[in-house]
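>>> okay, sequence plus prediction incoming.
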Amino acid sequence: MNVLFVCTGNTCRSPMAAGLFGVLHPEISCASAGILATDGLSASAHAVAALQTFGVDISDHRSRFLTPDIAQTADLIVAIGAYHQQVLQGAYPHKRVVLLGNGIDDPYGHNLEAYKECAFQIQDALALLGEM
């Protein structure tokens, strides 16, 4: 199974979700991308630091723009926010697209504590995702 986490820029929420999911489910392949991402950007410094709290290293992450080829490889696409879910369902109606929890607010531009709170929200939502 291949799981794809999708947010906007692929530098905060979706790489954090993929990093945490990878630790929780090392037997399942996962990746991330962004619907408006610029290819090759590092994960934000706060996202990297927030996941270090969980013992997860995403420092080697590089952002990717979501293309049809990337989406095609996914068995499950996990939208990080409701807007992402709407876009993904419209663009890929043949794919299984689910929303992570009730959607995860974007910490972009906020302090490290906001990123840590976001990481905890993602962790909680991933636990529910595992029950699907």
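On my side now, so go ahead.

>>> every contact and neighbour count from this point should use C-alpha atoms.
Will do.

>>> Pro107 looks like it's in a strand, true?
No. Remark: Pro107 does not belong to a strand; assigned using DSSP: H, G, I helix; E, B strand; the rest coil, it is coil.

>>> how many neighbours does Gly55 have?
Residues within reach of Gly55, counting by other C-alpha atoms under 10 Å, total 12.

>>> mind pulling up the pLDDT for it?
Per-residue confidence for Gly55 comes out at a pLDDT of 96.

>>> name the element it belongs to?
Secondary structure here is read from DSSP states H and E; on that basis Gly55 sits in neither a helix nor a strand.

>>> secondary structure of Gln85: a strand, I assume?
No. Counting by three-state DSSP, Gln85 falls outside a strand, being helix.

>>> distance-wise, check the residue lying closest to it once chain neighbours are set aside relative to Gln86.
Nearest in space to Gln85, with sequence neighbours left out and distances taken as C-alpha to C-alpha, 6 or more residues apart in numbering, is Ala79 at 5.0 Å. Distance, Ala79 to Gln86, by C-alpha to C-alpha, to the nearest Å: 9 Å.
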